[in-house]
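**Q** Model the structure of this input:
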Amino acid sequence: MRMYELTKGVANPKKRLGRGLGSGRGKTSGRGTKGQGARGKVKIGFTGGGLPFYKKLPLRRGLRNPRIFKKPRGINLQRLEVFKQKDTIDIQALADGGIISKKDLKIGIKILGSGEIKKALNIKIPISKKAKEKIEKAGGKILNV
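**A** Prediction:
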């Protein structure tokens, strides 16, 4: 093994601009001939003296936090069948049972009336009218939300 074989592909030498025609980047140093690009730097967004594109766009004003505009996530009644008879169900119980994620804790949830439930459960979550009827029919209670 030779010394030049050790460094092969590890550290490529820096391109030396303007060091003669034989270097591959001589004379104009890879900038072409004449023009604005050859003479100096061009600002980002510069469009040849016209109004830059980003200034043509409308201003962004007001609230831009999408989380505060999200509606509560709906959970159907049939998903509550995993709980035992007479269990009290709140948001934390749903998170512990793996029915909702931590992200849903911030947004909020609401129980919807799709599906059937046969267990009497005590609910401490916002609930739809249809779901309320079905839970009370099964012998459950809706506690203060």
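
**Q** low-scoring stretches of the protein, by residue?
**A** Filtered on pLDDT under 70, the chain yields the residue ranges 4, 7-11, 67, 145.

**Q** Identify, by residue count, the longest helix of it.
**A** helix 129-137 (DSSP state H).

**Q** Quick one: list the elements packing against the next helix or strand after that one.
**A** Next helix or strand after helix 129-137 toward the C-terminus (DSSP states H and E): strand 141-142. The contact analysis (3 or more C-beta pairs under 8 Å, 6 or more residues apart in numbering; DSSP states H and E) places strand 141-142 against strand 122-123, helix 129-137. For every residue, glycine as well, the C-beta is placed using N, CA and C.

**Q** would you list every one of the helices in this structure?
**A** Ranges of helices in the chain, per DSSP H, are 3-6, 36-39, 53-56, 91-96, 102-107, 129-137.

**Q** do you know which of these lies nearest residue 114?
**A** Across those, residue 114 has its closest neighbour in helix 129-137 (8.2 Å, C-beta to C-beta).

**Q** Tell me the buried residues in that closest one?
**A** Buried residues in helix 129-137, defined by neighbour count with 16 or more other C-beta atoms under 10 Å: 131, 134, 135.
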